[in-house]
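# Need coordinates for the below:
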Amino acid sequence: MDLWLFLLPAGAMALLVGGLIALGFLRGAEAREDAATAGDAPKREMQVYTAQLREIERDLARGTVSAEEAGRLRTEIGRRLLEADRAERVTIARAPASMRRLGLAFIPLSLVIAALVYWQAGAPGYADMPLAQRHAEAAAQRAARPSQAELEAAWAVNPQRPPEVEPDGEFAALLARLREVLETRPLDLEGHRLLARNEANVGNLAAAAAAQARVVELQGAEVPLADQVMLAELMVLAAGGVVSPEAEQVLERVLRSDPTNGLARYYTGLMFAQTGRPDLTFRLWRGLLDDSRPDAPWVPHLRATLPDLAQIAGVRYQLPPPEAAGARGPSAADMQAAMELEPEERAAMIGGMVEGLAARLGASGGPAEDWARLIAALGVLGEHDRARAIWAEAQRLFADQPEGLARIQAAAAGAGVAN
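Sure thing, here's the model as predicted:
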């Protein structure tokens with residue numbers, strides 16, 4: 001039924017357009033015939049005007065008109081004669097009947113070709129996909145993901161999986177010995193940490209992820225954030241780049257502890273892309289690119305992917321300049337560290353980050369916290385005129401966003417430029 005709801009109006013529009021084109025061919029032929037018939041009128045007018053000129057010469061010879069009057073009449077009749085001659089020269093070439101028939105025959109042929117091309121390259125019968133339905137299907141897809149163990153098993157037999165590194169005899173013996181020892185010493189934290197690192201070095205990522213999971217488990221609530229991040233990455237790599245439900249849980253724990261963690265944000269965005277929500281991937285990765293330093297390992301992939309994600313998400317987006325990548329400006333920690341430096345070193349450190357942030361905001365804009373951060377940093381640098389100008393620009397841009405404007409105003413007040 002959905003297919004006919006598309007085909008019927010589409011076919012009707014195609015026939016209507018074809019009929020209008022055919023009508024143009026037929027009316028064009030009639031217009032050419034009318035023009036050809038009307039083409040004899042200028043010739044008759046020219047004959048009349050020529051006869052009138054001869055009559056003027058005879059009247060002048062008989063003395064019935066003066067020379068002045070004869071000149072005026074010659075000028076008027078000559079003008080009319082030129083207009084008639086110009087009209088006679090403007091002719092419309094009539095196309096041969098064979099060409100008109102060929103043009104008319106091409107109309108149904110083009111409609112048939114268009115239908116065949118759509119049937120081959122299009123999506124006939126593709127059902128409507130309302131946004132709510134797509135989001136529901138994405139949620140179902142996310143819930144139905146294979147487990148970490150299933151993904152690891154599938155990746156282990158995948159022909160695209162890189163081969164494991166063959167260690168030399170001594171290293172292989174040491175690694176085998178380490179495995180044996182840890183079977184009898186399950187509480188050896190450093191041993192499991194060493195095992196995870198060495199299993200990853202030889203490409204045995206599933207075993208590395210299992211050892212790192214033990215590292216995290218042994219430390220309980222006191223586990224460092226770096227160990228959790230490493231576990232999440234090893235799990236994703238062991239699953240062939242797919243974020244499993246178990247890996248997602250680790251990423252959620254990381255982000256609860258540190259919402260700005262770059263690797264966790266990257267893999268969370270990857271998870272949304274793998275489960276039918278590229279719009280959420282775009283939001284996460286856009287902010288991640290803004291926050292990342294240019295040499296961050298995920299930046300090249302983000303810059304290559306974000307334009308396509310923006311198109312899918314229906315967002316107008318322009319990549320910031322490469323030199324401005326990650327130019328969020330100095331954070332509170334950066335500012336605290338800068339206070340311990342010499343004045344010249346402090347100015348150089350903060351100034352470099354400020355210029356990157358200013359370049360990005362000037363090129364593609366940014367959230368209110370970025371504008372607030374820039375104004376605050378300029379205040380630290382003593383560039384009050386520049387901070388005042390940016391505060392004035394921010395008032396214009398965030399006039400309809402009271403919360404964001406209030407945040408920027410607080411930064412401007414701290415920099416002494418709010419008034």
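
# Quick check: mean pLDDT of stretch 229-247?
Average pLDDT, stretch 229-247: 94.

# likewise stretch 395-408?
Here stretch 395-408 scores 84 as its mean pLDDT.

# what does stretch 106-115 give?
Averaging pLDDT along stretch 106-115 gives 74.

# How about stretch 75-95?
Per-residue pLDDT over stretch 75-95 has a mean of 65.

# just so I have it, where are all the helices in the stretch 101-250 of the chain?
Counting by DSSP state H, counting those that start in this stretch, the segments of the stretch 101-250 of the chain that form helices are 131-143, 148-156, 169-184, 189-201, 205-219, 225-238, 245-257.

# need the ones you listed in JSON lines with distance to residue 413, can you?
In this view, the C-beta of every residue, glycine as well, is placed from N, C-alpha and C. Below are the helices of the stretch 101-250 of the chain laid out as JSON lines (distance: least, CB to CB, whole Å):
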{"stretch": "helix 131-143", "distance to residue 413": "41"}
{"stretch": "helix 148-156", "distance to residue 413": "50"}
{"stretch": "helix 169-184", "distance to residue 413": "58"}
{"stretch": "helix 189-201", "distance to residue 413": "48"}
{"stretch": "helix 205-219", "distance to residue 413": "43"}
{"stretch": "helix 225-238", "distance to residue 413": "34"}
{"stretch": "helix 245-257", "distance to residue 413": "31"}
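
# Please name whichever of those is nearest to residue 274.
Checking these against residue 274 by CB to CB gives helix 131-143 as the closest, at 8.6 Å.

# Just give me how far the closest one sits from the chain centre.
Here helix 131-143 is found 22 Å from its chain centre; the criterion is CA atoms, centre = their mean, to the nearest Å.

# same check, this time on stretch 52-60
80 Å.

# remind me which residues of the chain are low pLDDT?
Residues of the chain meeting the criterion pLDDT under 70: 1-7, 10, 18, 20, 22-43, 84-105, 121-131, 323-365.

# how is it carved up into domains?
What automatic domain parsing lists as the domains of the chain is 2-121, 142-276, 332-415.

# Now render these as a markdown table, adding mean neighbour count and distance to residue 134.
Listed next are those as a markdown table, based on neighbours: other CB atoms under 10 Å; distance: least, CB to CB, whole Å:
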| stretch | mean neighbour count | distance to residue 134 |
| --- | --- | --- |
| domain 2-121 | 12 | 16 |
| domain 142-276 | 17 | 7 |
| domain 332-415 | 17 | 27 |
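
# can you redo those domains as JSON lines with distance to residue 132?
As requested, those are exported to JSON lines (distance: least, CB to CB, whole Å):
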{"stretch": "domain 2-121", "distance to residue 132": "18"}
{"stretch": "domain 142-276", "distance to residue 132": "13"}
{"stretch": "domain 332-415", "distance to residue 132": "27"}
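
# nearest to residue 309, of these?
domain 142-276 (7.8 Å).

# What is the end-to-end distance of the closest one?
End-to-end distance for domain 142-276: 8 Å, by CA to CA, to the nearest Å.

# Over to stretch 178-194?
Stretch 178-194: ends 9 Å apart by CA to CA.

# And stretch 284-303, by the same measure?
End-to-end span of stretch 284-303 (CA to CA): 13 Å.

# List the buried residues of that stretch.
284-292, 296, 298-299, 302-303 (16 or more other CB atoms under 10 Å).

# Can you add secondary structure and distance to residue 274 and give those residues back as CSV?
Listed next are the buried residues of stretch 284-303 as CSV, based on DSSP: H, G, I helix; E, B strand; the rest coil; distance: CB to CB, whole Å:
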residue, secondary structure, distance to residue 274
284, helix, 13
285, helix, 13
286, helix, 18
287, helix, 19
288, helix, 17
289, helix, 19
290, helix, 23
291, helix, 22
292, coil, 21
296, coil, 21
298, coil, 16
299, helix, 20
302, helix, 16
303, helix, 20
